[in-house]
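Trainee: With the input below, show me the fold.
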Amino acid sequence: MNPPRNGAIPTGAIPTDAALTDTAPGLRMPSRPQPPRAAPTTRPKISRPTLSPRATLITRMLVGLVAGLCLDAAFAPVGWWPAAVLGVAALTLALRGGTWRTGLLIGFAAGLGEFVPLLWWLHVVTPLAWVVLAIVEAGYLAILGAALTTAQRLPAWPLWSACLWVGQELVRDRWPLGGFGWGRLAFSQPDTPFTGYAAIGGAPLVTFAVALSAALLALGVMQVTRVTARPKMLASWPIIAALVAAVAVPALALLIPRPTDGRVVQVAVVQGNVPHPGTHFLGRAEQVLDNHLAQTQRLAEGIDDGTLAQPQIVLWPENASDVDPLTDIAVRGEIAAATRSVGAPILVGAVLNAGPDHVTNTGIVWSPTQGPGQMYSKRHLVPFGEYIPWRGFVSHLTSLTKLVPNNFVAGHTSGALTIGPTTVADVMCFEVAFDDAVRSGVTDGGRIIVVQTNNATYMGTAETRQQLAMSQLRAVEHGRSVVVAATSGISAIVSPDGHIETRTAEMTSAIIDRPVVERSALTVADHLGAAPEWAMGILGGLAIIAAIALASPRVSQWRPRQRVRVKENL
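Mentor: Residues are numbered from 1 along each chain as shown. Predicted coordinates:
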């Protein structure tokens, strides 16, 4: 047997150490056995329970409902203003990652959560009106929910979300039938850190600020729940930045001045009260008028004995005279005597005849020497409350149309009225919710805002306090004192910085007689008018168009693809 060549090991031979050493180059040497390595320790994976699509949607809708309840809590009777921020943030989180269809449902749930309890006071008229109006208003939040879901796909989405909130209110305040502004985010901030923005951009800018702060808060929460591989310190920076920005939004408003200086006018408010609350508050004819005449006589007696100061103007509320004083000779004489007894002009709220089956809701400046003078008739009328749209058709559906036997006719001029030594911007009740109604009276020369109101139907509910909060916001928005004259409460005087100086109780007769600051300087919001609202609303609409366009397949195929650089080994 010939020896193996090149040191090869014969088949079947057991290799020795020498043979392993002499192996030819290129041959793989057998490896010696190694001790077993310990298996790497791995953390057990935590299996998270997954919900079905239907269960996920129901959960999101429940969160939306809670968000709506939070929004309602920001208004009277609770009146906790931070709840508005929490409500918008919760709604934003519920919409995250959904589709526009789920956004509709989640937004509608939030709308019901807000408007069903917010408008509870309307059940006094009829539960049907309460339910129908709450559903209609919830529909706006449904559309907003779909829009917010779409906008969240864009960069800087908190900014576009805030614009969409303004856009939703822009439409809701105007359509249908002239709109309905109750429940605006701005009206939940009567005297809060956000309120200062009203002097710059009006109520719409306050809404924008609340929505932006809430969206930034939601962004911070999203950052907390996001899984990241970055070091903890780096991962916390987006969270901190979002939360700091959310707090900075209201904090910056505190730097906006709220001037309260000005000349003083002695103002008396007469709250005569009504026989009883509810839809039949007037009682017998002239009973409300008699109550206000009696309180005015009490004011005159207080002036004579020195317990009350001599007023320069006297304010009666809306519907203080339920009989037309221009056509009824006896009533005309009684009001003339009242003005002479107090020695000052009275702004009389009266219902005037305006032709067959038509009346107007009017404020009349009544001079003690010249009698009736300038007048302002309410422009924003309450549908189904002051007039019945489609009366012939609606009367076949309900007999409640009998509660409004005559349709009120809208006025066409601003509420700037010269009375005594000053000019007031007069608005009637429901009109305080409309930006243009208040602003036009101020820009036409009004130095004190007067709200003549009759809330007797809703005594014992939150409606009166919700409306008073609007007056507080208007004071800051226009830099004016606001005097609220109510038939049965709440009458109040609000300083130009939004603070309530004095107020009356409900369902009682009362007199307010105190100095009120008048101011003539216009705020930035007065100069800009509705421009900020339209600008923000249009930006929100453009954001939706951009989001839809970027999501379309035609646009997607033209997006630049990322280039992958391959590093060559040289």
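Trainee: how about low-confidence regions in the stretch 251-400 of the chain?
Mentor: Counting by pLDDT under 70, the low-confidence segments of the stretch 251-400 of the chain come to 278-285.
Trainee: can you do 90?
Mentor: Along the stretch 251-400 of the chain, segments meeting pLDDT under 90 span 275-286, 322, 355-357, 384-385, 388, 390-400.
Trainee: For it, which segments count as strands?
Mentor: With strands called from DSSP state E, counting those that start in this stretch, the stretch 251-400 of the chain shows them at 263-271, 313-315, 346-353, 358-367, 371-377.
Trainee: For Thr453, find the nearest of the ones you listed.
Mentor: strand 346-353 (8.7 Å; C-beta to C-beta). For every residue, glycine as well, the C-beta is placed using N, CA and C.
Trainee: between the closest one and strand 263-271, how big is the angle?
Mentor: Relative orientation of strand 346-353 and strand 263-271, computed by axes from the mean of the first three to the mean of the last three C-alpha atoms, to 10 degrees: 50 degrees.
Trainee: Kindly calculate the angle that strand 346-353 makes with strand 371-377.
Mentor: Between strand 346-353 and strand 371-377, the angle comes out at 70 degrees (the same axes, to 10 degrees).
Trainee: Contacts for stretch 190-197 next, please.
Mentor: Stretch 190-197 is contacted from outside by 81, 189, 205-206, 208-210, 213, 249-251, 253-256, 258, 468-470, 472-473, 476, 498-500, using C-beta atoms under 8 Å, 6 or more residues apart in numbering.
Trainee: The same query, at a cut-off of 7 Å, please.
Mentor: Stretch 190-197 has contacts (C-beta atoms under 7 Å, 6 or more residues apart in numbering) with 81, 189, 205-206, 209-210, 250-251, 253-254, 256, 258, 469, 472-473, 476, 498-499.
Trainee: Okay, and which of those residues map to helices?
Mentor: Leu205, Val206, Ala209, Val210, Pro250, Ala251, Ala253, Ala469, Gln472, Leu473, Val476 (DSSP state H).
Trainee: got the phi/psi numbers for Val451?
Mentor: phi -110, psi 100 (degrees, to the nearest 10).
Trainee: My guess is it contacts Arg480. True?
Mentor: No: Val451 is beyond contact range of Arg480, at 11.2 Å (criterion: C-beta atoms under 7 Å).
Trainee: Just want to know which of the two has more residues nearby.
Mentor: Comparing Val451 with Arg480 by other C-beta atoms under 10 Å, the one with more neighbours is Arg480, at 32 against 29.
Trainee: Look up the pLDDT of Pro10 for me, please.
Mentor: The score at Pro10 is 47. That number is its pLDDT.
Trainee: before we move on, the earlier item: between the strands of the stretch 251-400 of the chain, which one is closest to Leu65.
Mentor: Nearest of these to Leu65, taken as C-beta to C-beta: strand 358-367 at 37.5 Å.
Trainee: Remind me what the closest one packs against, helices and strands.
Mentor: Applying 3 or more C-beta pairs under 7 Å, 6 or more residues apart in numbering; DSSP states H and E, one finds that strand 358-367 contacts helix 329-342, strand 346-353, strand 371-377, strand 407-408, strand 416-419.
Trainee: ok, now with 8 Å
Mentor: When contacts are defined as 3 or more C-beta pairs under 8 Å, 6 or more residues apart in numbering; DSSP states H and E, strand 358-367 packs onto helix 329-342, strand 346-353, strand 371-377, strand 407-408, strand 416-419, strand 422-428.
Trainee: Tell me which of the ones you listed lies nearest to Arg174.
Mentor: Per C-beta to C-beta, nearest to Arg174 of the helices and strands packed on strand 358-367: strand 422-428, 17.0 Å.
Trainee: quick check, nearest of the ones in helices among the contacts of stretch 190-197 to Ala530?
Mentor: Of the ones in helices among the contacts of stretch 190-197, the one sitting nearest to Ala530 (C-beta to C-beta) turns out to be Leu205, at 11.5 Å.
Trainee: tell me the pLDDT at that closest one?
Mentor: Predicted confidence (pLDDT) at Leu205: the value is 98.
Trainee: ok, it - contacts?
Mentor: Applying C-beta under 8 Å, 6+ apart, we find Leu205 in contact with Tyr197, Ala198, Ala525, Pro532, Met536.
Trainee: rewinding a little: looking at the strands of the stretch 251-400 of the chain, which is buried most?
Mentor: Mean neighbours per residue, mean count of other C-beta atoms under 10 Å, is largest over the strands of the stretch 251-400 of the chain for strand 313-315, with a mean of 27.
Trainee: on that earlier part again, now the buried members of the ones in helices among the contacts of stretch 190-197.
Mentor: Neighbour-count burial (16 or more other C-beta atoms under 10 Å) applied to the ones in helices among the contacts of stretch 190-197 gives Leu205, Val206, Ala209, Val210, Pro250, Ala253, Ala469, Gln472, Leu473, Val476.
Trainee: could those go into a markdown table alongside distance to Val124?
Mentor: Shown next, in a markdown table, are those (distance: C-beta to C-beta, whole Å):
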| residue | distance to Val124 |
| --- | --- |
| Leu205 | 34 |
| Val206 | 29 |
| Ala209 | 34 |
| Val210 | 29 |
| Pro250 | 35 |
| Ala253 | 36 |
| Ala469 | 20 |
| Gln472 | 24 |
| Leu473 | 25 |
| Val476 | 30 |
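Trainee: Quick one: low-confidence residue ranges for the stretch 401-550 of the chain.
Mentor: Checking the stretch 401-550 of the chain against pLDDT under 90 turns up 401-406.
Trainee: mind listing the helices for it?
Mentor: 435-443, 463-478, 524-528, 531-551 (DSSP state H, counting those that start in this stretch).
Trainee: closest to Ser236 out of those helices?
Mentor: Among these, the nearest to Ser236 by C-beta to C-beta is helix 531-551 (29.0 Å).
Trainee: can you state the direction angle for the closest one and helix 435-443?
Mentor: Compare the direction of helix 531-551 with that of helix 435-443 by the same axes, to 10 degrees and you get 150 degrees.
Trainee: in helix 531-551, what's buried?
Mentor: Buried, per 16+ other C-beta under 10 Å, within helix 531-551: Pro532, Glu533, Met536, Gly537, Leu539, Gly540, Gly541, Ala543, Ile544, Ala546, Ala547.
Trainee: who touches the residue lying closest to Ala203 once chain neighbours are set aside in this structure?
Mentor: What sits nearest to Ala203 in space, not counting adjacent residues and going by C-beta to C-beta, 6 or more residues apart in numbering, is Ala186, at 3.8 Å. If you count contacts by C-beta under 8 Å, 6+ apart, Ala186 has them with Glu169, Ala198, Ala203, Pro204, Val206, Thr207, Val210, Leu473.
Trainee: Now do Ala186 against Trp316, distance only.
Mentor: Taking C-beta to C-beta, to the nearest Å as the measure, Ala186 falls 29 Å from Trp316.
Trainee: try Ile303
Mentor: 16 Å.
Trainee: So which of the two has more stuff around it?
Mentor: Applying other C-beta under 10 Å to Ile303 and Trp316 shows that Trp316 carries more neighbours, namely 30 against 19.
Trainee: of all the contacts of Leu205, which comes closest to Thr92?
Mentor: Met536 (17.3 Å).
Trainee: Val206 is in contact with the closest one, correct?
Mentor: No: Met536 is not in contact with Val206 according to C-beta atoms under 8 Å; the separation is 11.6 Å.
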